[in-house]
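1. sequence first, predicted model second:
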Amino acid sequence: MKLHQLIYILPLLTACASAAPAELPVIDIDLPEADLDNTKILDSVLSQSAKDPTFKSNFPGLLDALNRVKKEDIGADDLARAYLKAVSGRGAFKKAFAELDDVQREQVQEFLDGQSPQAVVTKRGFSIPPSPAAKHHFKRMVEGPSLFSRRWLNAKRETTPVIYEDKAKTKPMQAFVATEFENWGLTIRNTPAITFVPTTVHGVENLIKWAKANNKRVRAAGYRHTWTDMYSADGEIFVSMLDLKTATAVPDASSILPSKQHPDNEFKVIELAEEDVSGSGGKKRLARIGAAVTNEEFRRWSVAGDHWTLPLNVVMVEITLGGSNVPICHGGGFRHKTLSDLVRKIEYVDANGKAQSVSDPKLLKAAAGSMGLLGIVTHVTFELDKMTYAIMKPEKIDTYLAIPPPRGYVVPLSLYKLVTPSKLQAAREKFYNDARNAYYSEWFWFPYQKRCLVNVWDNTPTKSSKVKTYPSPPDVFSQWIQGWLGGVINDDPLFRALPGLWQATFLGTLAMLALPPQLPGIGDEIHTYLIDALHFRRGVQNMRVRDIELQIPIPLDKAGDPMWEIVQRAWWDAISLTYADKRAPMRIAVEMRIMSGSDIVLAPQRGNWGTASIEVLTTMPAADEGIWDQYAQKVVDKWTSYKDANGKLLNVRPHWAKEWDTYTIHGQNWRQYAKNVSFKDAIPEFKRLLAEIGEEQGWTLEDLQKRFSVGLLDEVIFD
Ligand SMILES: Cc1cc2nc3c(=O)[nH]c(=O)nc-3n(C[C@H](O)[C@H](O)[C@H](O)COP(=O)(O)OP(=O)(O)OC[C@H]3O[C@@H](n4cnc5c(N)ncnc54)[C@H](O)[C@@H]3O)c2cc1C
């Protein structure tokens with residue numbers, strides 16, 4: 001059976017790597033559906049490329065490495081090295097390499113020359129630098145004329161402000177004129193009138209007073225990792241809580257912040273309360289954290305102190321705690337709600353330019369997770385847990401058994417496994433038990449892989465002698481370079497010209513090799529600090545991706561039992577849709593975490609007994625080919641079609657920070673659907689609570705909309 005035709009344009013591209021060829025020869029990748037798996041796709045790469053004399057010269061060394069993959073004779077570092085070497089002669093690699101600093105360049109070169117990550121980091125150490133995308137954003141920011149440049153002084157003195165950060169007016173706020181903004185996922189672009197980089201609360205107060213007097217809207221950002229349009233806009237005011245210097249400084253692990261690197265930055269503090277939370281039996285403590293503190297800084301602080309940890313967090317470390325709280329981010333594990341559920345106080349600068357705070361638990365349900373509408377958040381007080389230790393035992397399990405399909409579900413042929421009914425039932429029970437009882441539960445399926453990564457673990461209060469920071473410094477380097485190479489090869493025109501199936505398989509193969517357990521069947525236990533286990537991957541920010549994530553409620557049936565089959569169906573629907581389009585629109589992963597509901601008014605998990613927090617991710621080439629949007633819409637259509645035991649549609653809601661509002665839901669505009677259906681009751685309640693805060697603190701909802709809203713929120717929240 002011929003399933004698909006794919007474009008194979010390597011020969012034409014050989015001469016000119018960056019130009020698009022006029023005519024594209026087409027080649028069949030004649031794989032029956034039963035053969036759409038990692039091994040068979042690699043076979044097809046090997047046989048097809050053997051017919052093409054240019055493949056070897058275009059991707060030197062790659063065929064040898066792929067042959068070693070087939071023989072299971074290669075580790076993640078060697079494969080990563082081979083991928084990088086295969087593209088190292090071309091522009092994308094050279095550009096990315098040139099953008100590294102001197103030490104990183106030497107380290108990458110040493111790795112390419114064959115040194116192990118251990119040898120590379122032993123010489124000079126390694127701490128994770130900002131991603132190329134973040135560096136790019138922060139450099140762009142300063143490309144506009146500085147407010148203090150000669151050009152500004154000559155041309156703009158009357159119309160542009162000098163905002164002072166201190167009462168004595170000695171420290172003007174860093175500011176840049178008309179700098180183009182883009183987010184990490186490259187879904188949003190705009191040109192705010194001025195980009196400010198504040199370091200004091202007083203500075204933010206002055207800025208908002210100026211914005212109010214000049215009728216400008218103000219929106220902040222951390223690392224710009226959100227896909228939705230919740231940032232600033234053309235001609236408005238953008239507040240960057242980070243700049244290149246603050247983002248590049250290696251966080252100080254040894255001291256409790258404020259750190260030596262940012263002595264005058266009020267948004268870079270972690271202040272631990274002196275007393276435990278009363279009634280917690282010494283198990284909870286509050287910490288006041290500046291909005292610009294990053295997950296990496298918090299992680300280091302937490303490990304260095306070995307006393308207190310966030311109980312949950314976003315996996316990625318390149319995230320600000322101000323930025324992740326605003327759109328209600330989350331981690332995983334049935335017992336956990338969202339980050340915003342852990343907030344005990346929000347400090348912010350209001351629409352009048354006045355520093356204020358909210359700590360009433362009722363009002364925090366709107367103020368924590370405010371979508372940025374309350375004002376510029378300066379500090380967040382979180383309730384921390386006493387440090388515990390994770391015992392991670394990641395497993396690679398046959399995809400068919402990791403999350404078994406619901407009864408009667410026809411899975412893609414190549415993933416079907418003939419097993420006895422009792423084995424299948426045991427696999428189901430294991431999944432239900434992991435989902436219901438584990439401290440943390442997460443499943444990954446990388447495209448066309450026969451096995452899934454199951455990252456399910458529990459914690460213990462007892463620190464054994466086996467506890468180490470994880471990943472270790474060499475592992476951090478490996479993970480960083482894997483992410484970096486993902487960015488490089490996805491920018492390489494010849495890699496982009498390969499069939500999507502191949503691209504997806506190359507990436508999926510490396511991901512499976514790189515993730516523990518490294519050796520099949522040997523699941524090493526990893527004993528580590530809880531916060532390290534939450535951030536078990538450190539390089540993902542290096543490769544831009546596209547991502548849709550929905551929160552699917554897990555309802556109870558009429559007997560009061562969880563309807564896990566909805567979760568199983570959602571998982572398999574995403575995989576099946578991947579198989580349904582042989583252009584491989586999904587090239588990174590299907591990922592799912594089980595979590596609890598939430599008490600935060602606008603949380604998409606609110607009111608759920610349990611939530612399947614499920615997402616599909618792809619590469620920028622797949623998005624550029626125009627196939628991602630179609631696939632993602634089909635996934636959305638499936639994920640929003642499930643019903644509870646009474647036949648009522650589940651209230652499936654999107655992660656506010658990920659892609660959603662450019663898609664339709666039940667054939668309707670998603671913004672309107674969010675307003676009129678999904679958050680129909682939550683939005684009025686949210687506004688009522690905000691208005692209650694405003695009544696006390698001297699502002700109105702109208703003031704919020706004028707000062708802090710954006711188009712998306714005008715439509716969904718205010719219209
Ligand atoms: C690779 C990747 C992995 C991710 N993994 C997860 C995950 O595991 N779980 C999860 O829930 N999410 C995840 N996310 C989403 C991510 O956590 C959110 O997009 C988060 O908001 C990004 O933090 P940031 O520092 O980049 O904030 P930004 O994206 O810069 O800002 C987020 C929003 O908050 C506003 N904002 C930022 N700072 C302030 C402030 N001080 N005051 C007022 N408003 C402010 C901005 O205007 C914007 O609307 C992931 C994203 C990426 C790219």
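-> Thanks, I have it.

2. in stretch 44-61, which residues are buried?
-> For stretch 44-61, burial by neighbour count (16 or more other Cβ atoms under 10 Å) applies to 44, 45, 48, 49, 55, 58, 59. In this view, the C-beta of every residue, glycine as well, is placed from N, C-alpha and C.

3. could you pull out the strands for the stretch 1-150 of the chain?
-> Using DSSP state E, counting those that start in this stretch, the strands of the stretch 1-150 of the chain run over 5-7, 26-28.

4. which stretch in those strands is the model least sure about?
-> Lowest mean pLDDT within these: strand 5-7, at a mean of 39.

5. what's the most distant pair in the buried residues of stretch 44-61?
-> Comparing every pair within the buried residues of stretch 44-61 by Cβ to Cβ identifies 44 and 58 as the most remote, at 17.1 Å.

6. report the central residue of this protein.
-> The centroid of the chain falls nearest to residue 316 when counting by Cα atoms, centre = their mean (6.1 Å).

7. look up how far residue 161 lies from residue 200.
-> Residue 200 is 16 Å from residue 161, where distance means Cβ to Cβ, to the nearest Å.

8. which helices and strands does the longest helix anywhere in the chain pack with?
-> Secondary structure of the chain per DSSP state H: the longest helix is helix 473-491. Under the contact criterion of 3 or more Cβ pairs under 8 Å, 6 or more residues apart in numbering; DSSP states H and E, helix 473-491 touches helix 76-87, helix 91-99, helix 102-112, helix 117-124, helix 132-141, helix 500-514, helix 620-624.

9. so which bits of the protein are right by the ligand?
-> Counting by Cβ under 6 Å from any ligand atom, the chain comes close to the ligand at 184, 219-226, 230-231, 241, 291, 314-316, 319-320, 322-324, 326-327, 329-330, 372, 376-377, 540-541, 657.

10. restricted to buried residues, select those residues in PyMOL.
-> The PyMOL selection below is limited to those of the residues of the chain next to the ligand classed as buried (16+ other Cβ under 10 Å):
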select buried, resi 184+219+220+221+222+223+224+225+226+230+231+241+291+314+315+316+319+320+322+323+324+326+327+329+330+372+376+377+540+541+657
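
11. quick revisit: want to try CSV for the helices and strands packed on helix 473-491, with mean pLDDT and distance to residue 529 as columns?
-> Formatted as CSV, these follow (pLDDT from 0 to 100; distance: least, Cβ to Cβ, whole Å):
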stretch, mean pLDDT, distance to residue 529
helix 76-87, 96, 23
helix 91-99, 95, 32
helix 102-112, 95, 25
helix 117-124, 93, 19
helix 132-141, 86, 25
helix 500-514, 94, 21
helix 620-624, 97, 34
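
12. nearest to residue 194, out of those helices?
-> helix 132-141 (11.0 Å).

13. relative to helix 473-491, how tilted is the closest one?
-> Between the axis of helix 132-141 and that of helix 473-491 there is an angle of 70 degrees, by axes from the mean of the first three to the mean of the last three Cα atoms, to 10 degrees.

14. remind me which residues of this structure are low pLDDT?
-> Along the chain, segments meeting pLDDT under 70 span 1-31, 34, 144-160, 250-261, 518-523.

15. and it, what are its domains?
-> 1-126+388-543, 133-244, 246-387, 545-665 (automatic domain parsing).

16. ok, residue 466 to the ligand distance?
-> Using Cβ to the nearest ligand atom, to the nearest Å, we find residue 466 at a distance of 26 Å from the ligand.

17. meant to ask about residue 426, not that
-> 30 Å.

18. which secondary structure element contains that residue?
-> helix 421-437 (DSSP states H and E).

19. next SSE downstream of that helix?
-> strand 440-445.

20. that following strand: what's the following helix or strand?
-> Following strand 440-445 in sequence order, the next helix or strand is strand 451-460 (DSSP H and E).

21. that following strand vs strand 440-445, what angle?
-> 170 degrees.

22. contacts for strand 451-460, please.
-> The contact list for strand 451-460 (Cβ atoms under 8 Å, 6 or more residues apart in numbering) reads 388-399, 402-403, 434, 438-446, 512, 515, 530, 533, 536.

23. repeat that for 7 Å
-> 388-399, 402, 434, 438-445, 515, 530, 533 (Cβ atoms under 7 Å, 6 or more residues apart in numbering).

24. check stretch 290-306 too.
-> 128, 222, 241-242, 246, 251, 253-254, 256-257, 265-270, 289, 308-310, 313-314, 316-322, 377-380, 387, 469, 529, 531-532, 535.

25. nearest to the ligand: which residue in the stretch 451-600 of the chain?
-> Per Cβ to the nearest ligand atom, residue 540 is where the stretch 451-600 of the chain lies closest to the ligand, at 4.8 Å.

26. just the buried residues of stretch 644-656, please?
-> 644, 650, 651, 652, 653, 654, 655, 656.

27. can you list these in a markdown table and add secondary structure and distance to residue 274?
-> A markdown table is the format used below for these (DSSP: H, G, I helix; E, B strand; the rest coil; distance: Cβ to Cβ, whole Å):
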| residue | secondary structure | distance to residue 274 |
| --- | --- | --- |
| 644 | coil | 47 |
| 650 | coil | 45 |
| 651 | coil | 42 |
| 652 | coil | 43 |
| 653 | strand | 39 |
| 654 | strand | 40 |
| 655 | coil | 36 |
| 656 | coil | 35 |
